[in-house]
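Engineer: here are the coordinates; sequence isn't available:
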């Protein structure tokens, strides 16, 4: 592998890492929103059920309220069960961590190629190590569908974004 191939691979890895960062960030935001929606729905429906239970308890004039209350309790039970089964908050954390790791990896590539890799042998070694690190991260982190990855890669290429054009703050998706 000569230096031109190494340069090409480094540029390719930069784009791959940046694309994976964007994909994981997208999923993290989706799961964060899902967590918030399910939590808010449970709180609102629980409040409605609690207040209607008190009013039903004091009067027996409204049998429809009893049915509505029972229906809302079932909905709350289903929502809570879905939240426990899907566990969107845990998935949010996993995708957020993956996004941050890929972003850190991107900055590491930029730093090493700019300041540390002077010789061709260093460059070859770093490309080999980078390939191993990428494979390890792909196994470790949550799976991204190929069509989502391709969509983001195409979007970034169509905007002619290169690694030199991108400024990404580290606290982009933190709470």
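Structural biologist: Structure's in. What do you need? Fair warning: this is a prediction, and the values are worked out from it, not measured in the lab.

Engineer: pLDDT weak spots in the protein?
Structural biologist: 54-60, 62, 160-175 (pLDDT under 70).

Engineer: for it, what spans make up the helices?
Structural biologist: Applying DSSP state H to the chain gives helices spanning 3-58, 63-86, 88-111, 120-140, 146-158.

Engineer: return the most buried member of the ones you listed.
Structural biologist: helix 88-111 (a mean of 18; mean count of other CB atoms under 10 Å). Using the backbone N, CA and C atoms, a C-beta is placed for each residue, glycine as well.

Engineer: angle of that one against helix 120-140?
Structural biologist: 170 degrees (axes from the mean of the first three to the mean of the last three CA atoms, to 10 degrees).

Engineer: so what does helix 88-111 touch, helix or strand wise?
Structural biologist: helix 3-58, helix 120-140 (3 or more CB pairs under 8 Å, 6 or more residues apart in numbering; DSSP states H and E).

Engineer: what lies in contact with the shortest one?
Structural biologist: Looking back up the chat, that one is helix 120-140. By CB atoms under 8 Å, 6 or more residues apart in numbering, the residues outside helix 120-140 that reach it are 1-3, 6-7, 9-10, 13, 16-17, 20, 98, 101-102, 105, 109, 112, 116-117.

Engineer: and with 7 Å instead?
Structural biologist: 1, 3, 6, 9, 10, 13, 16, 101, 105, 109, 112, 117 (CB atoms under 7 Å, 6 or more residues apart in numbering).
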